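> Please find the sequence and the predicted model below.
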Amino acid sequence: MTKKNSYIKTILKISMSYLKTILTTKQLNVLLSKISYLNNKFDNKEIIKDWSNIYIDFIKENYQNSYKNHNKKLNAFIRQKDSGVKVIWGDCLNVMKDMLPESIHLMVTSPPYYNAREYSHWDNLNSYLDDMRLIIREAFRVLDNHRVFIFNVGDIFDNDNLKTTSTWGKRRIPLGAYFTKIFEEEGFTFVDDFIWDKGEVQSERHKNGDKPYPFYQYPMNCYEHIFIFHKHRNDTTRYPCPVCGCLSVNGNAYSEIGLKSWECKNPDCFKRSKANRGKRFSLKTIMTQGRQEQLNVIEQEFVKKWRRDIIKINPVIKINSKGENKLGHSAPFPIEIPEMAVKLFSYKNEIILDPFGGSCTSVIAAKQLGRVGLGIELNKKMFEKSIRANLQNKLKLFSTLKIEEFDYEREPD
């Protein structure tokens, strides 16, 4: 009786010529070793799924290894299996520079607003935006390809200190507009802008005394932006057809800027159109269509809540009846924002990064929703006690909770 060959042999026969063009002999042997167990499997769907996952992870690993300036201890801390509640103490720009590229699955944050708090002061607006640009540039590098950055920011009323430092230099500064331009210049694609309606907020700007006349009226600033940015690094590496698993594919049109798509050219593919066209796909659709399972279903009520791009969320109440700041942070943002980000743009067990950790609201939301929460916070002396208390208080249902910490300044590579 003739022994049946595993379908992995067919995949490799069709794909080998391409593999030899993109991998060294050593790399190819490592890949073949990783998939050797598939020679003993005979379920074609299982083989295609496993092969695709191993190949995609292998290509990403090779890409990450090309970045030589990473901190091994830091990246080991980020990847290690633990409680899934992680805090890195340090400057987020320096920390991200030491992180492996494309090692984060989702980013969500609210940056320090220009000169709005005692811990966030710059000489002028340009200095502030220059610093933010460097951070956004590193964020693009460390965020996984075809993933999302949720960025909450509001306009402010202040002096940009570019023309004068006197009182008359104060004006409304459209931070949202400036940040959008920076994000796009650093490679991100603007996708959406949820308007966070904060309701009747505390403000003095709209008050005009007894002057109900033209040119004395100003609106109260009662909203902030929740921006959705996509990352699409133009990756021309071929990826396996999700139907037959082969790398016999041709480039197709781009579905978004930087999002390369492919068409299967394997004449023996299990599924072809009436016009004899092969499956059309991208690395993004391999991810999104391959994870449509019960585990990842978003409840309808939540989808409905976020179906409009204007959403009302009450600001966080941080001062208790005794006049004490119960969160220990002067600018916390509501958990609804990272909760939306995590549910709509990530999968279970993935790593969610907030580069401006603050009160670690994003870390809390990530943990509560079955992801790994990672926050970077610069001001350890100012916020260490309050962050630990906030994490313990909000995550007390997790009886085995352990807050994992990495002090970047004290952990040389």
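Here it is on my side, so go on.

> Count the neighbours of the closest residue to Leu32 other than its chain neighbours for me.
Excluding the flanking residues, the one nearest Leu32 by C-beta to C-beta, 6 or more residues apart in numbering is Leu12, at 7.9 Å. (Glycine included, C-beta is placed from N, CA and C.) Residues contacting Leu12 under the criterion other C-beta atoms under 10 Å number 20.

> Does Leu12 lie in a helix or a strand, and which?
helix 7-22 (DSSP states H and E).

> which parts of that helix are buried?
Tyr7, Ile8, Thr10, Ile11, Leu12, Ile14, Ser15, Leu19 (16 or more other C-beta atoms under 10 Å).

> How much space separates the third one from Val372?
When C-beta to C-beta, to the nearest Å is applied, the distance between Thr10 and Val372 equals 37 Å.

> where's the spatially closest residue to Tyr114 that is not a sequence neighbour, which helix or strand?
If the residues on either side of it in the chain are set aside, Tyr114 comes closest to Tyr128, at 4.5 Å by C-beta to C-beta, 6+ apart. Assessed by DSSP H and E, Tyr128 sits inside helix 125-142.

> Check which helices and strands that helix is in contact with.
helix 92-97, helix 175-185 (3 or more C-beta pairs under 8 Å, 6 or more residues apart in numbering; DSSP states H and E).

> tilt between the very next helix or strand once past that helix and helix 175-185?
Once the chain leaves helix 125-142, the next helix or strand it forms, by DSSP H and E, is strand 143-153. Strand 143-153 runs at 170 degrees relative to helix 175-185, counting by axes from the mean of the first three to the mean of the last three C-alpha atoms, to 10 degrees.

> Describe which strands strand 143-153 pairs with in its sheet and in which direction.
strand 104-109 (parallel), strand 223-231 (antiparallel) (DSSP bridges).

> Could I get the full set of strands for the stretch 251-400 of the chain?
Taking DSSP state E, counting those that start in this stretch, the strands of the stretch 251-400 of the chain run over residues 261-264, 280-282, 310-312, 351-354, 372-377.

> Any stretches of the protein with poor pLDDT?
Scanning the chain for pLDDT under 70 picks out the ranges 1-3, 117, 119, 201-209, 317-331, 397, 399, 412-413.

> neighbours around Ile82, how many?
No Ile there; residue 82 is Asp. Count around Asp82 with other C-beta under 10 Å applied: 12.

> could you dump stretch 388-403 to PDB, C-alpha only?
C-alpha atoms of stretch 388-403 as PDB (Å, rounded to 0.1, in the frame of the first residue of the first chain):
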ATOM      1  CA  ARG A 388       0.100  50.500  42.400                       C
ATOM      2  CA  ALA A 389      -2.900  51.400  44.500                       C
ATOM      3  CA  ASN A 390      -5.000  52.000  41.400                       C
ATOM      4  CA  LEU A 391      -4.000  48.700  39.800                       C
ATOM      5  CA  GLN A 392      -4.600  46.700  43.000                       C
ATOM      6  CA  ASN A 393      -8.000  48.400  43.600                       C
ATOM      7  CA  LYS A 394      -9.400  48.000  40.000                       C
ATOM      8  CA  LEU A 395      -8.000  44.500  39.500                       C
ATOM      9  CA  LYS A 396      -8.800  43.100  42.900                       C
ATOM     10  CA  LEU A 397     -11.000  40.400  41.400                       C
ATOM     11  CA  PHE A 398      -7.800  38.700  40.100                       C
ATOM     12  CA  SER A 399      -6.700  37.000  43.300                       C
ATOM     13  CA  THR A 400      -3.200  36.100  42.000                       C
ATOM     14  CA  LEU A 401      -2.500  39.500  40.600                       C
ATOM     15  CA  LYS A 402       1.200  40.500  40.600                       C
ATOM     16  CA  ILE A 403       2.300  43.800  39.200                       C
END
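
> Name the residues of that stretch that are buried.
Going by neighbour count (16+ other C-beta under 10 Å), the buried part of stretch 388-403 is Asn390, Leu391, Lys394, Leu395, Ile403.

> Off-centre distance for that stretch?
23 Å (C-alpha atoms, centre = their mean, to the nearest Å).

> ok, back up a step: which element follows the helix holding Leu12 toward the C-terminus?
With DSSP H and E, the next secondary element past helix 7-22 is helix 25-34.

> who does that following helix touch, helix- and strand-wise?
Here helix 25-34 touches helix 7-22, helix 44-65, going by 3+ C-beta pairs under 8 Å, 6+ apart.

> The shortest one - contacts with which helices or strands?
When contacts are defined as 3+ C-beta pairs under 8 Å, 6+ apart, helix 7-22 packs onto helix 25-34, helix 44-65.

> Looking at these, which is nearest to Tyr213?
helix 44-65 (62.2 Å; C-beta to C-beta).

> what's the distance between the nearest residue to Gly375 once chain neighbours are set aside and Lys41?
Of all residues not flanking Gly375 in the chain, Gly357 sits nearest, at 3.0 Å (C-beta to C-beta, 6+ apart). According to C-beta to C-beta, Gly357 stands 44 Å off from Lys41.

> the more surrounded of those two?
Higher neighbour count among Gly357 and Lys41: Gly357, with 26 against 14, using other C-beta under 10 Å.

> contacting residues around the more buried one?
When contacts are counted by C-beta atoms under 8 Å, 6 or more residues apart in numbering, Gly357 is found next to Val87, Ile88, Val363, Gly375, Ile376, Glu377, Ile387.

> Including neighbour count and distance to Val191, could these go into TSV?
What follows is the contacts of Gly357, written out as TSV (neighbours: other C-beta atoms under 10 Å; distance: C-beta to C-beta, whole Å):
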residue	neighbour count	distance to Val191
Val87	23	29
Ile88	26	28
Val363	31	24
Gly375	27	24
Ile376	24	24
Glu377	24	28
Ile387	26	31
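
> which residue packs closest to the residue nearest the centre of the chain, ignoring adjacent ones?
In the chain, the centroid-proximal residue (C-alpha atoms, centre = their mean) is Leu106; its distance is 2.1 Å. The spatially closest residue to Leu106, leaving aside those adjacent along the chain, is Ser346, at 4.4 Å (C-beta to C-beta, 6+ apart).

> quick one, phi psi at the one you found?
With angles defined as degrees, to the nearest 10, Ser346 sits at phi -160, psi 170.

> if we can go back for a sec, which one of the strands of the stretch 251-400 of the chain lies closest to Asn69?
strand 372-377 (17.6 Å).
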